[in-house]
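Engineer: This is a predicted model, with the sequence first.
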Amino acid sequence: MEKEILQIQLALFFQSDFTGNFEELSLKLKKKLGESKVTQQLPLPIDAPSDIPRLILGYENFNLNISKNRLDLFCKNIDLFKDIVNKIYGVLEEFSLSIGRIGFVKTFFIKGDIESLKKLLIRTTGERDFREITIRVNERKIIEGYECNNIENLSNGFVIKKGADGREDRNDGTIVVRDINTLAEKIKENRFDWEEAKKLIDKFDVESNLFILYSNNNSIKS
């Protein structure tokens, strides 16, 4: 079973909304990360929901979305990802932004057909001809002493790739989303400095490679 990582996402949730200057935050981040290819600062009314991005920074290999209550990093290379997080944390500390919740999402693509997902349902549904399947499970798990949501979302899907001749080919398969996060209700209790966050992110990275349902299907084990 070959797994391709499509995207890695880290969500850092602030214990209190950021009320500072987003332009200043943008300059500080770019000083650490380099000049972005795209910078968007979105003018929103004061009463707009806190989770709507106010600042978007686009780089060649990663992107940042910053809202009043969270920062989201999107990347594909795990080594680059961890280096970026280290730099980001230093900037957030300059602005006295305390992290009370961490979410880690890794999206995989596994080439194949819908039959692999059908086999997960066969005990309860029998031999039915499903054309689309989405399965989502969440189990509570203690990781590094923190109670976490351990989520797996399975769906049939496809990716488009360019071949050596420049033509685009469609590859059908299964999209596996592993979403691991500390509990929302504990955001005021938990406080993650960089060393604690780094340990947790490392554990989340390892845990995300361990599938819950998909790997239990003997016909598609690696």
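Structural biologist: Nice, thanks for sending it over. Numbers count the residues shown, from 1 in each chain.
Engineer: Chain neighbours aside, what residue packs nearest to residue 40?
Structural biologist: Once flanking residues are discounted, residue 40 sits nearest to residue 56: 4.2 Å by C-beta to C-beta, 6 or more residues apart in numbering. Every C-beta, even on glycine, is put in place using the N, C-alpha and C of the backbone.
Engineer: Name the helix or strand for the one you found, please.
Structural biologist: In this assignment (DSSP states H and E), residue 56 forms part of strand 55-58.
Engineer: Check which helices and strands that strand sits against.
Structural biologist: Taking 3 or more C-beta pairs under 8 Å, 6 or more residues apart in numbering; DSSP states H and E as contact, the helices and strands that strand 55-58 lies on are helix 22-33, strand 38-41, strand 62-66.
Engineer: Pairing partners for the residue nearest to residue 40 in the sheet, please.
Structural biologist: When assigned by DSSP bridges, residue 56 has beta-bridge partners residue 40, residue 65.
Engineer: same deal with residue 176?
Structural biologist: For residue 176, the beta-bridge assignment (DSSP bridges) gives partners residue 108, residue 154.
Engineer: show me what contacts it?
Structural biologist: The neighbourhood of residue 176, defined by C-beta atoms under 8 Å, 6 or more residues apart in numbering, consists of 3, 107-110, 152-154, 211, 214.
Engineer: Low-confidence bits of this protein, can you list those?
Structural biologist: Under the criterion of pLDDT under 70, the regions of the chain flagged as low confidence span 1, 120-128, 215-222.
Engineer: which residues of it fall in strands?
Structural biologist: For the chain, strands defined by DSSP state E occupy the ranges 3-14, 38-41, 55-58, 62-66, 70-75, 99-111, 134-143, 146-162, 168-182.
Engineer: which residues are in contact with the fourth one?
Structural biologist: Contacts of strand 62-66 with the rest of the structure, by C-beta under 8 Å, 6+ apart, involve 18, 22, 25, 29, 53-57, 71-76, 80-81, 84, 88.
Engineer: If any of these are buried, put those into a ChimeraX selection.
Structural biologist: Burial among the contacts of strand 62-66 is assessed by 16 or more other C-beta atoms under 10 Å; the matching ChimeraX selection reads:
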select :18,22,25,29,53,54,55,56,57,71,72,73,74,75,81,84,88
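Engineer: need the longest helix for the protein.
Structural biologist: helix 78-94 (DSSP state H).
Engineer: Next, the buried residues of that helix.
Structural biologist: Neighbour counts over helix 78-94 (16+ other C-beta under 10 Å) mark 81-82, 84-85, 88-89, 91-92 as buried.
Engineer: Check stretch 131-146 too.
Structural biologist: Buried residues in stretch 131-146, defined by neighbour count with 16+ other C-beta under 10 Å: 133, 143, 146.
Engineer: Noted, bye for now.
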